[in-house]
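# Here is a sequence with its predicted model. Questions after.
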Amino acid sequence: MPKLSPRVANNYMLLSILLGNAFIFFVFAAANLLRQAGVGAAGLMFAPGVPLVIGQISVTLLPFAVYLAVTGQRVRDVIPCRPVGLLNLGMITLITITVMPLASMLAVLTMLVLGIGNNVGEIVGDVLRTGLGFAFVVIVLVPSVFEEIALRGVVLSNYRNVDTHKAALVNGLFFGIFHLNPIQFLYAFLLGYVFALLVIYTRSIFAAIFAHLVFNGSQVLLSFLAQVYLQAVGETVYIPDMTSPDMLLTSLRSYGIIAAIFTPVLIILLKSFRDINKRRFFREEFGTRYADNTPPVSRDTGEMALPPYGNDADTDRDSGRIVTASFVLMVVMYIIFAAVVI
């Protein structure tokens, strides 16, 4: 089996962004030409939600298939699929809820600093008008599965020999770049970091998929309830412009206060989550050898010694350099893209 390394992950991410978005461009350019030529079916390509699904397939599933074919790996070599357990699912729900205020604060802060609005809310609103079930599939289910396969699957599997928090930070950086939206960068960075930790601690992609489902699902549900409320009150209630500087400052203060309360709880939950899963890992892997929940302790850190994420035998420690040509090119490209958009 080919050895794993950050270099491989960086190359994959760069090609995923470049080739995936090039594919999207040509698909929709062709669809537009067909629509202008009178082919009615081509108009379905531009229906609410359809571009999102095509984009997900182009930037995640197609590169994933190419990656498996080129590297000769199997799905189980890339996607860790250990059972998560009910206790973990409950903790993941709490972790996701406690990270939301900080993510919202970062989104508002970005809008305030850059002076541009967030079109994500408009996209969600357009898809919701087609039905809540359709919106759940397009905005919640598809991104939660497809994006996790790419970021917490392929990318993270190649960072198995890197320090846990370094691997999670790089994963967050890639997750922010992956969205190609300056407004989403900071909070996507945060979520990518947290989701990567969940996978590393549980050895399971299902942990990140579930967290992603909870996060996106809550956003869709809140948007749906807001639409229901606005339809009920009609024109009788004044709705302020939430993108105005004054409203953004008000939102920033509100989210900042809530984040200041919830973020310490988030940190405590993540540490507890790590320790619970370390003990669980040793019980499952070594059985009665550590039945008293006292696995070996590292002399360097004083923490429970835990093998690298994944199979250490498949890791290329000679190619552990994080900053590669692909990494630099990706960051530079994103900076240029963000400058053009802003």
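Arrived safely, thanks for sending. Computed from a predicted structure; not experimentally measured.

# list the buried ones in the helix or strand hosting residue 135?
When secondary structure is defined by DSSP states H and E, residue 135 falls within helix 132-135. The neighbour-count criterion (16 or more other CB atoms under 10 Å) identifies residue 135 as the buried residues of helix 132-135. To be clear about C-beta, it is placed using only N, CA and C from the backbone, and glycine gets the same treatment.

# got the CA coordinates for the helix or strand following it in CSV?
Proceeding C-terminally, helix 132-135 gives way to helix 142-148 as the next helix or strand, assigned by DSSP H and E. Presented in CSV, the C-alpha positions along helix 142-148 are these (Å, rounded to 0.1, in the frame of the first residue of the first chain):
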residue,chain,number,x,y,z
VAL,A,142,-25.1,15.7,1.4
PRO,A,143,-22.5,18.1,2.8
SER,A,144,-22.2,16.3,6.1
VAL,A,145,-21.3,13.0,4.4
PHE,A,146,-19.4,14.2,1.3
GLU,A,147,-17.3,16.9,2.9
GLU,A,148,-16.3,14.6,5.8
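
# My read is that residue 62 contacts residue 21, right?
No. Residue 62 is not in contact with residue 21 according to CB atoms under 8 Å; the separation is 11.4 Å.

# so who does residue 158 touch?
Remark: with contacts taken as CB atoms under 8 Å, 6 or more residues apart in numbering, residue 158 is in contact with 4, 5, 6, 7, 8, 9, 12.

# Could you report the separation of it from residue 8?
5 Å (CB to CB, to the nearest Å).

# Report the set of residues contacting both of the two.
Shared contacts of residue 158 and residue 8, defined by CB under 8 Å, 6+ apart, are not found at any residue.

# any idea which residue sits dead centre in this protein?
For the chain, the residue whose C-alpha lies nearest the mean C-alpha position (CA atoms, centre = their mean) is residue 192; its distance is 4.7 Å.

# which residues sit in contact with that residue?
Contact partners of residue 192, counting by CB under 8 Å, 6+ apart, are 151, 168, 171, 172, 173, 174, 175, 176.

# quick one: pLDDT of the nearest residue to residue 114 once chain neighbours are set aside?
Counting by CB to CB, 6 or more residues apart in numbering, residue 114 lies nearest to residue 342, which is 5.5 Å off, once chain neighbours are set aside. The predicted structure scores residue 342 at 78 on the pLDDT scale.

# Tell me who's in contact with residue 342.
The neighbours of residue 342, taking CB under 8 Å, 6+ apart as the test, are 114, 115, 116, 182.

# what is the mean pLDDT for the helix or strand that contains residue 111?
Using DSSP H and E, the element containing residue 111 is helix 86-114. pLDDT averaged over helix 86-114 equals 95, rounded to a whole number.

# Could you list every helix and strand in contact with that helix?
helix 182-202, helix 205-233, helix 245-286 (3 or more CB pairs under 8 Å, 6 or more residues apart in numbering; DSSP states H and E).

# a markdown table for those, including mean pLDDT and distance to residue 66?
As requested, those are arranged in a markdown table below (pLDDT from 0 to 100; distance: least, CB to CB, whole Å):
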| stretch | mean pLDDT | distance to residue 66 |
| --- | --- | --- |
| helix 182-202 | 95 | 22 |
| helix 205-233 | 90 | 19 |
| helix 245-286 | 89 | 32 |
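
# Quick one: closest of those helices to residue 87.
Closest to residue 87 of these, according to CB to CB: helix 245-286, at 7.1 Å.

# okay, the angle between the closest one and helix 205-233?
Put simply, helix 245-286 runs at 150 degrees to helix 205-233, going by axes from the mean of the first three to the mean of the last three CA atoms, to 10 degrees.

# For helix 245-286, name the packing helices and strands.
Using 3+ CB pairs under 8 Å, 6+ apart, helix 245-286 is in contact with helix 86-114, helix 182-202.

# export the ones you listed to JSON lines and tack on distance to residue 25?
As requested, the helices and strands packed on helix 245-286 are arranged in JSON lines below (distance: least, CB to CB, whole Å):
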{"stretch": "helix 86-114", "distance to residue 25": "25"}
{"stretch": "helix 182-202", "distance to residue 25": "20"}
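
# Quick one: residues contacting the closest residue to residue 227 other than its chain neighbours.
Leaving aside its chain neighbours, residue 227 sits nearest to residue 128 (6.0 Å; criterion: CB to CB, 6+ apart). For residue 128, the set of contacting residues under the criterion of CB under 8 Å, 6+ apart consists of 135, 220, 223, 224, 227.

# ok, the first one touching residue 53?
Put plainly, it is residue 135. No. Using CB under 8 Å, residue 135 is not in contact with residue 53; the gap is 11.9 Å.

# Tell me the most packed of the contacts of residue 342, by neighbour count.
Going through the contacts of residue 342 with other CB atoms under 10 Å as the criterion, the one with the most neighbours is residue 182, at 22 neighbours.

# Double-check that residue against residue 338; I have them as touching.
Yes. Contact criterion CB under 8 Å: residue 182 and residue 338 qualify, at 4.4 Å.
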